[in-house]
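# Quick one, fold the following:
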Amino acid sequence: MQVKKTTAGICGILIGSLGIHKFVLGYNTEGAIMLAVSLLTCGIASPIMGIIGLIEGITYLTKTDREFIDTYISAKKGWF
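Model prediction:
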């Protein structure tokens, strides 16, 4: 799970506007929403999606492994 946590966190920070970090965690619907919002607005909403991705990426990386697993793997919390 450490690999998923780190990968999702880094993807969220670097390319969060595309929702790739959501796909890494298996949240396909949430990832598709972020990707669609960024693409369908021709990039106008990308900064907003990027901020959401940045916040989520930092959140993923600052949680302990146990908290991360409980929150995002077991409970399937899709947003924040």
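# Spell out the residue ranges of the helices in the chain.
2-15, 20-24, 28-40, 46-62, 65-68 (DSSP state H).
# Give me the distance between the second one and the centre of its chain.
The reference is to helix 20-24. Here helix 20-24 shows a centroid-to-chain-centroid distance of 5 Å under the convention C-alpha atoms, centre = their mean, to the nearest Å.
# what helices or strands is that helix leaning on?
Using 3 or more C-beta pairs under 8 Å, 6 or more residues apart in numbering; DSSP states H and E, the elements in contact with helix 20-24 are helix 2-15, helix 28-40, helix 46-62. Backbone N, C-alpha and C define where each C-beta goes, glycine included.
# 6 Å instead, please
Using 3 or more C-beta pairs under 6 Å, 6 or more residues apart in numbering; DSSP states H and E as the contact test, the elements touching helix 20-24 are helix 2-15, helix 28-40.
# Direction-wise, compare the last one with helix 46-62 and give the angle.
Computed by axes from the mean of the first three to the mean of the last three C-alpha atoms, to 10 degrees, the angle separating helix 28-40 from helix 46-62 equals 150 degrees.
# OK, contacts around the residue of the chain positioned farthest from its centre?
Among residues of the chain, the one most distant from the C-alpha centroid is Cys42; the distance is 20.3 Å, by C-alpha atoms, centre = their mean. With contacts defined as C-beta atoms under 6 Å, 6 or more residues apart in numbering, Cys42 has no neighbours.
# Among the helices and strands packed on helix 20-24, which comes closest to Gly57?
Of all these, the one in closest proximity to Gly57, counting by C-beta to C-beta, is helix 2-15 (2.6 Å).
# Need the residues that contact that closest one.
The list of residues contacting helix 2-15 from outside it, by C-beta under 6 Å, 6+ apart, reads 20-21, 24-25, 53-54, 56-57, 60-61, 68.
# for that helix, the distance to its chain's centre please.
In terms of C-alpha atoms, centre = their mean, the centre of helix 2-15 is set 8 Å apart from its chain centre.
# Nothing else from me, thank you.
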